[in-house]
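>>> Predicted model, plus sequence, below.
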Amino acid sequence: MDYDSHNPFARILRGELPCVKVYEDAFTLAIMDIMPQAEGHVLVLPKEPAAELFDLSDEAAAACIRTTKKIAAAVKAAMEAPGIMVAQLNGSAAGQTVPHVHFHIIPREQAAALKPHAAVAADAEQLRALAERIIAALPT
């Protein structure tokens, strides 16, 4: 999968598209997934342009894992989730729909079905309310 600098995540990182931000540091941005597979679904994006994990520098990959770990703990606490799924897809054959590497953090309940990937848009107000809960659960 080739990197497209006009992909939605690149545009969000440049401030050209809106997002519901959960966390940001010098290397990563965590946002609410606008088509969540479960309530509280968050995406972690590296600020470095890379289509797939294999294209990411070691430094950016390490930053993504640090942020993913931090956000996953906050999602687990905020959503009172018994489990957390972390997924990272590479290439369209794996289900990747945006050519910018990203990590999915999805709260899981025992036997609860996930919504289809990238299929149903969520209510923006609900996403903002969930983001506030997750932000409040971040370590200070």
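Yep, it's here. As the structure is a computational prediction, the values presented were derived from the model and not from experiment.

>>> quick one: E48 from A137, how far?
27 Å (C-beta to C-beta, to the nearest Å). Every residue, glycine included, has its C-beta placed from N, CA and C.

>>> Same question for G91.
Taken as C-beta to C-beta, the span from G91 to A137 is 33 Å.

>>> if I pick A30, what's in contact with it?
Counting by C-beta atoms under 8 Å, 6 or more residues apart in numbering, A30 touches K21, V22, Y23, E24, V42, L43, V44, L45, T67, I71, I105.

>>> one more time with 7 Å, if that's ok
Going by C-beta atoms under 7 Å, 6 or more residues apart in numbering, A30 touches V22, Y23, V42, L43, V44, T67, I71.

>>> same question, E48
Counted by C-beta under 7 Å, 6+ apart, E48 has contacts L56, S57, A60.

>>> how about the helices of this structure, start to end?
Using DSSP state H, the helices found in the chain span residues 8-13, 58-79, 124-137.

>>> I'd like those helices laid out as JSON lines, including mean neighbour count.
Shown next, in JSON lines, are the helices of the chain (neighbours: other C-beta atoms under 10 Å):
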{"stretch": "helix 8-13", "mean neighbour count": "18"}
{"stretch": "helix 58-79", "mean neighbour count": "18"}
{"stretch": "helix 124-137", "mean neighbour count": "16"}
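
>>> could those helices go into a markdown table alongside mean pLDDT?
Formatted as a markdown table, the helices of the chain follow (pLDDT from 0 to 100):
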| stretch | mean pLDDT |
| --- | --- |
| helix 8-13 | 98 |
| helix 58-79 | 98 |
| helix 124-137 | 98 |
